[in-house]
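Student: Give me a 3D structure for the following:
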Amino acid sequence: MEGYTQWAKGKGAFLNIFNSNFKVLKETSDGSTVGVKFTTSYTDEPETFKLIMDYGNWKVTERDKGERAPF
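Tutor: Presented below is the predicted three-dimensional model:
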C-alpha cells in the first residue's frame, strides 16, 4: 500500500482524488509491480491500474494487450 499512497499524494497535486470517494478494493504486489482495483464516485464499475517501480520511482502504467488483470 505504500507505493499507492505515494502515488496518490503526488497525483493529488494535479487531480483532487481525495474528494472523489476513491476507495481501494484490492491490491496485489509482485516485486516491483503493484495492481490496484478501486472505485470512485465518477464510475459505476471498479477499475484497475498498475504501478511499476522504475529506478526507485513508482509509475502508473496500463496493462499490455493480452495481459491478464491481477484480480
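
Student: Helices of the protein, start to end?
Tutor: In the chain, helices defined by DSSP state H lie at 2-11, listed in chain order.

Student: From residue 23, how far off is residue 67?
Tutor: Distance of residue 67 to residue 23, given as Cβ to Cβ, to the nearest Å: 24 Å. Quick note: C-beta positions are derived from backbone N, CA and C, even for glycine.

Student: number of nearby residues for residue 26?
Tutor: Neighbour count of residue 26, defined by other Cβ atoms under 10 Å: 12.

Student: Give me the spatial nearest neighbour of it, chain neighbours excluded.
Tutor: Once flanking residues are discounted, residue 26 sits nearest to residue 37: 4.3 Å by Cβ to Cβ, 6 or more residues apart in numbering.

Student: just for the chain, where's the confidence low?
Tutor: Along the chain, the model assigns pLDDT under 70 to residues 1-18, 69-71.

Student: ok, which stretches of it are strands?
Tutor: With DSSP state E as the definition, the chain shows strands at residue ranges 23-30, 33-39, 47-54, 57-61.

Student: most tightly surrounded among these?
Tutor: Counting by mean count of other Cβ atoms under 10 Å, strand 33-39 has the highest mean neighbour count of those, with a mean of 18.
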